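A.B. asks: this one's structure only:
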Ligand SMILES: Nc1ncnc2c1ncn2[C@@H]1O[C@H](COP(=O)(O)OP(=O)(O)OP(=O)(O)O)[C@@H](O)[C@H]1O
Ligand SMILES: [Mg+2]
């Protein structure tokens, strides 16, 4: 489904150069649930950003459905992100001035040809899928951490993406809530066939996935 | 576009508390700007309408008769006649007229009259027969005054086209009484129509105007005019003033005379209006500059404060253009809220009689103009910050703390 070949990412600031990724070769198959593990600063988020087309590699190629993405312009990349990819962030990144349902609608705003009522309907469906139908008119700050992350998941899946990227989705949650989030992800993976790549620090969660990619100091170790 | 606009409205509405101050600033700036644009358009539209007379080479002689009241006496009338005759003998003088009020002076006469059932306010002047030629008035209907009017038991009057339209509509006013006379007063009968006589100059709003004929033989009912107006041959210099005063002084020596070329009165009248107007413009311009700087600050702050929000939107499919529109659009909507409040207030103006002061077209056009300027300023202020915001890499934006 998505393939990274010989990926390198170097961050250059005025004084120093950080090699965040070097010679990464990763292929995620359609319908897979893979986890990404590694110590802090090893490059996990950087890798996820590559998979999510949020950043350009310094070298190497990324191909989606066999099509290389180098030649894509901003508009086309935005379209691909909008239609194919959904993001879940560690710190939720909900927009505090928008109600839950308006937060969930955000990806649909950047998709052409949807009416307001269609957007609303899809957003409510996504909230239903994460079990939050009773909180749609709340503002994010009125929710618990687990509820906020479920809103973030609803936002990530509302556009029915084929690839879901999650950067430590349970990092800020206690274990009971982590389990809840994991079960939602598993359900999406099994029932909808959504491909998932998830960064985690938790060995126990990693074992629940199909496969684990391990990174150490920017290098793939497994 | 529609989807994101509705979304932006929601966002601005939810953030109304943090946007309240800038909205208030924009609201005040808009009202101040409206004042200036309304005044500008008011002056501009008035300026472009014809004065109806020509003041070139016309001098005013203000007569101080050193006594109270306008009560005519045979003696005063005789003195005035002599003054006019002596002025006419000078070779520089083409024509002389006597009138109650003169162009560009503060004093004037006017009142409310019922004309064909309509209550109308008009300016009034009393003039002699040569007034038309001295002021170069344009007659469009009927005739001007002439000595044959002396024998009438009614007073002939000339009205301007505006008064004709307001009082008589499409009917001819000629030969008709202008208004019902008070008991004991003579009837005013319209004998002719002129384009205009805008005594107060180019900038004030044109008014309804009527001129009555002074009959110097009828010492019972006319007021002795305070002013002579002299039409001079072109090329007459200021040096002529001395000769003129000497001649007048020699004719009637216990009156005194003050001479002002109408060109001078015209220029100083214009200056008296334009200087405060320009000062007001500068003050409002400064206010707008402050508001604009405030706006830039606000956008800048909101862009940096919400960098991660921009990152989220980029991650979910917003393009450069969408982010541009998002930042700029938010600002334009804030402006829209402020303008709506301003317009609601301005819509009350007609209820307090504003349309009696300015034309409806000026009222409406200045509102549109002020709104466009406000939108222009906002767009200009938001352009650079929104461009910066759209250039941030999504991954960078999401890391931003
Ligand atoms: N924008 C950037 N500019 C400079 N260096 C960066 C940037 N982003 C990441 N890095 C560096 O790249 C390396 C990898 O960062 P990354 O965020 O991918 O780590 P991570 O594995 O996600 O760590 P954590 O588990 O703490 O989130 C780090 O050394 C980090 O300092
Ligand atoms: Mg990370």
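C.D. replies: The structure has been received and is ready for your questions. This one's a predicted model, so the numbers in the text were calculated from it and none came from an experiment. Numbers count the residues shown, from 1 in each chain, chains lettered A, B, ... in the order given. Ligands and ions are numbered 1, 2, ... in the order given.
A.B. asks: which strand or helix spans residue B:210?
C.D. replies: Element membership for residue B:210, per DSSP states H and E: strand B:208-213.
A.B. asks: from the chain's centroid, how far away is that strand?
C.D. replies: Distance of strand B:208-213 from the chain centroid (C-alpha atoms, centre = their mean, to the nearest Å) equals 21 Å.
A.B. asks: repeat for stretch B:181-200
C.D. replies: 24 Å.
A.B. asks: what's the strand holding residue B:210 in contact with?
C.D. replies: B:120-129, B:131, B:145, B:149, B:155-160, B:162-163, B:166-167, B:178, B:188, B:194, B:196-199 (C-beta atoms under 8 Å, 6 or more residues apart in numbering or on different chains). C-beta here means a position set from N, CA and C on the backbone, and glycine is covered the same way.
A.B. asks: and chain A, which of the residues you listed contact it?
C.D. replies: Near chain A, judged by C-beta under 8 Å from any C-beta of the partner chain, there are no entries from the contacts of strand B:208-213.
A.B. asks: which of the residues you listed count as buried?
C.D. replies: Neighbour counting by 16 or more other C-beta atoms under 10 Å in any protein chain shown classes B:120, B:122-129, B:131, B:145, B:149, B:155-160, B:162-163, B:166-167, B:178, B:188, B:194, B:196-199 among these as buried.
A.B. asks: I'd like to know the average pLDDT value across stretch B:266-276.
C.D. replies: Mean pLDDT, stretch B:266-276: 94.
A.B. asks: thinking again about what came up before, list the ones among the contacts of strand B:208-213 that fall in helices.
C.D. replies: Counting by DSSP state H, the contacts of strand B:208-213 place B:131, B:162, B:163, B:166, B:167 in helices.
A.B. asks: what two of the residues you listed are the furthest from one another?
C.D. replies: B:131 and B:166 (22.4 Å; C-beta to C-beta).
A.B. asks: just for chain B, where's the confidence low?
C.D. replies: B:1-2, B:68-72, B:219-222, B:401 (pLDDT under 70).
A.B. asks: oh, I was asking about chain A
C.D. replies: Filtered on pLDDT under 70, chain A yields the residue ranges A:222.
A.B. asks: could you rerun that using 80?
C.D. replies: Within chain A, the stretches with pLDDT under 80 are A:70-71, A:222.
A.B. asks: spatially central residue in it, please.
C.D. replies: residue A:165 (2.2 Å; C-alpha atoms, centre = their mean).
A.B. asks: in chain B, which spans are strands?
C.D. replies: Using DSSP state E, the strands of chain B run over B:58-64, B:93-99, B:109-115, B:118-127, B:139-142, B:155-160, B:188-194, B:208-213, B:227-232, B:256-261.
A.B. asks: residues contacting the residue of chain A found nearest chain B?
C.D. replies: Nearest residue of chain A to chain B, counting by C-beta to the nearest C-beta: residue A:82, 2.5 Å away. When contacts are counted by C-beta under 8 Å, 6+ apart, residue A:82 touches A:107, A:110, A:111, A:159, B:316, B:317.
A.B. asks: verify the stated contact: residue A:1 with residue A:195.
C.D. replies: Yes. In terms of C-beta atoms under 8 Å, residue A:1 counts as a neighbour of residue A:195; the distance is 5.5 Å.
A.B. asks: please say which of these two ends up with more neighbours.
C.D. replies: residue A:195 (23 against 16; other C-beta atoms under 10 Å in any protein chain shown).
A.B. asks: contacting residues around the closest residue to the more buried one other than its chain neighbours?
C.D. replies: In space, residue A:195 comes closest to residue A:163 once its chain neighbours are excluded; the distance is 4.8 Å by C-beta to C-beta, 6 or more residues apart in numbering or on different chains. Contact partners of residue A:163, counting by C-beta under 8 Å, 6+ apart, are A:1, A:2, A:28, A:51, A:84, A:85, A:86, A:194, A:195, A:196, A:197.
A.B. asks: swap in residue A:29?
C.D. replies: A:1, A:195.
A.B. asks: next one: it from residue A:210, what distance?
C.D. replies: Distance of residue A:29 to residue A:210, computed by C-beta to C-beta, to the nearest Å: 9 Å.
A.B. asks: ok, residues contacting stretch B:138-145?
C.D. replies: B:52, B:129, B:132, B:137, B:156, B:158, B:161, B:164, B:172-174, B:190-195, B:213.
A.B. asks: 7 Å - rerun?
C.D. replies: B:52, B:129, B:132, B:156, B:158, B:161, B:174, B:191-195, B:213 (C-beta atoms under 7 Å, 6 or more residues apart in numbering or on different chains).
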